[in-house]
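[1] pasting the structure only:
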C-alpha cells in the first residue's frame, strides 16, 4: 500500500522566479539529482521527491522562498529543464508543470514511451486518474493548477501536483509514488501537503470503500431524483444530531505565513553541526577552495547543506528553513542569494559528479564526510544564534555577490562613531 507522508500548510505567493535564479536552480537541481542517483539509484530519487519534507528542503537549498507554495512550481520547472539533457544517461524524465504545461503531460508521456520503450498510453491514463482523484475524489477545497509527472525508463513514477484555495490564500501539495501502489481509489497518496481544513470529503480513504460501492448501488436503485430526496431528508435529520466521528488527520508540516526565518523555524543544533563540520572538514578536504578570496569557507558551508540533501535521512528535513542558510532566498529571507557562493557550489558538485562517473569517487566522498561529520558534531557543538547568523550573512552579502528580486545588495557604509562621523 502506498504510504502517506503527511501534510503541510503552504502560503500562496505571487510573482515569478527571476532568470538569474531559475538558471542556477536548473543546474543545481540537475547535479543534486545526479549525485543522488549515483549514490542510491533513481528509485531513491523518486522516493525523495515523494517525501513532502525533503521536497520543501530541496527547494529551499536552491534559493527559493523557503516556506511558500512557489517552491513546487520552481522545483518541477528546474528539474524539467535540468534533467532533460541528462535523460539518456539517468533514464529520468519530467513531464507537465503549471497551467497549460500540465495538460501536455499525457502527450509527453506517450512521446517518451515511444522513445524509451514503456507504455506511454497506460501512464497517460495514470496521469489523468491521479489528477481526477485529487480534484474529485478528495474534495478538500483546493483546485489543481499544477501537475508534475516524473517517470523512469522502466516505468516507475512519482507525481507532485498542487491545488490552491484562493479564499484562504493557501496551497496544498499532493505526492504520489508508484512503488507499492495497488489502487487509484484507495489510499493512493504518498503524501498530501497543505493546511488542516478540518473535515474533508476523501473517498480514497480505505474506510470509504463501503461508501464508494453504496454510491453506485444508490444510483442504480434510486436514480438522481431519489438520491436528491434522500439527501434533503438526511440534512434535516442532521440538524438534530452531533457529529459521530472526525476524519483522521495526517501528520503535517506547517509552513508559516511570515517571510522572515525565525529561530522557531530552525533546529538550531543541526545548523550548528553543519557549520562546525564545514569549519572542521574544510581545511582538510577543501584546502584550495579556502584560498578563494571571500567565498571559500562560505562555500564549504553551502556544500555541507547540499550534502545533507543528498544523504540525509527523512526525519532530518522537518525544518526546511534550515536549508535556506545554504543559498539564501530570492526575497532576501533569510538573506539575499549569494551568487558567488552559489556558482562555486554548482561548479564543485558538478566536478565531483563528473569525476565519480569516471570512477574517481574522492570528491563525492568528501561531501559524504561533511554530512557524517555534521551529524556527529551536532550532539554537542554550540554556535551563534539564528538571528546572529542571519545578520552575519546580510552584512557579508555584498562580498558574496548578494542578489534578490529587489536587485543587487549594495555595499554597506562603514560603521559610524557616536558623533555620527564616519
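    Okay, I see it. What you see is a predicted model, and the numbers here were worked out from it, not measured in a lab.

[2] So the spatially most central residue of the chain versus residue 25, what's the distance?
    Nearest to the mean C-alpha position of the chain, by C-alpha atoms, centre = their mean, lies residue 55 at 2.2 Å. Using C-beta to C-beta, to the nearest Å, we find residue 55 at a distance of 14 Å from residue 25. For every residue, glycine as well, the C-beta is placed using N, CA and C.

[3] Return every residue with contacts to both of those two.
    Residues touching both residue 55 and residue 25 (C-beta atoms under 8 Å, 6 or more residues apart in numbering): residue 75.

[4] I'd like to know how many residues surround the residue nearest to residue 68 when sequence neighbours are not counted.
    Excluding the flanking residues, the one nearest residue 68 by C-beta to C-beta, 6 or more residues apart in numbering is residue 13, at 4.0 Å. Neighbourhood size, residue 13 [other C-beta atoms under 10 Å]: 17.

[5] would you say residue 13 is within a strand?
    No. Counting by DSSP: H, G, I helix; E, B strand; the rest coil, residue 13 is not part of a strand but coil.

[6] so which strand or helix has residue 149?
    Counting by DSSP states H and E, the element that carries residue 149 is strand 143-152.

[7] list the helices and strands that strand packs on?
    helix 42-49, helix 70-83, strand 92-98, helix 105-116, helix 120-132, strand 157-165 (3 or more C-beta pairs under 8 Å, 6 or more residues apart in numbering; DSSP states H and E).

[8] got the ones you listed as CSV, with mean neighbour count, mean pLDDT and distance to residue 324 columns?
    Formatted as CSV, these follow (neighbours: other C-beta atoms under 10 Å; pLDDT from 0 to 100; distance: least, C-beta to C-beta, whole Å):
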stretch, mean neighbour count, mean pLDDT, distance to residue 324
helix 42-49, 20, 95, 18
helix 70-83, 23, 96, 11
strand 92-98, 23, 97, 22
helix 105-116, 18, 97, 30
helix 120-132, 18, 91, 30
strand 157-165, 24, 91, 20
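
[9] To residue 341, which of those lies closest?
    For the helices and strands packed on strand 143-152, proximity to residue 341 was assessed by C-beta to C-beta; helix 70-83 is nearest, at 18.1 Å.

[10] Give me the buried positions along the next helix or strand after that closest one.
    Counting by DSSP H and E, the next helix or strand C-terminal to helix 70-83 is helix 87-90. For helix 87-90, a neighbour-count test (16 or more other C-beta atoms under 10 Å) marks residue 90 as buried.
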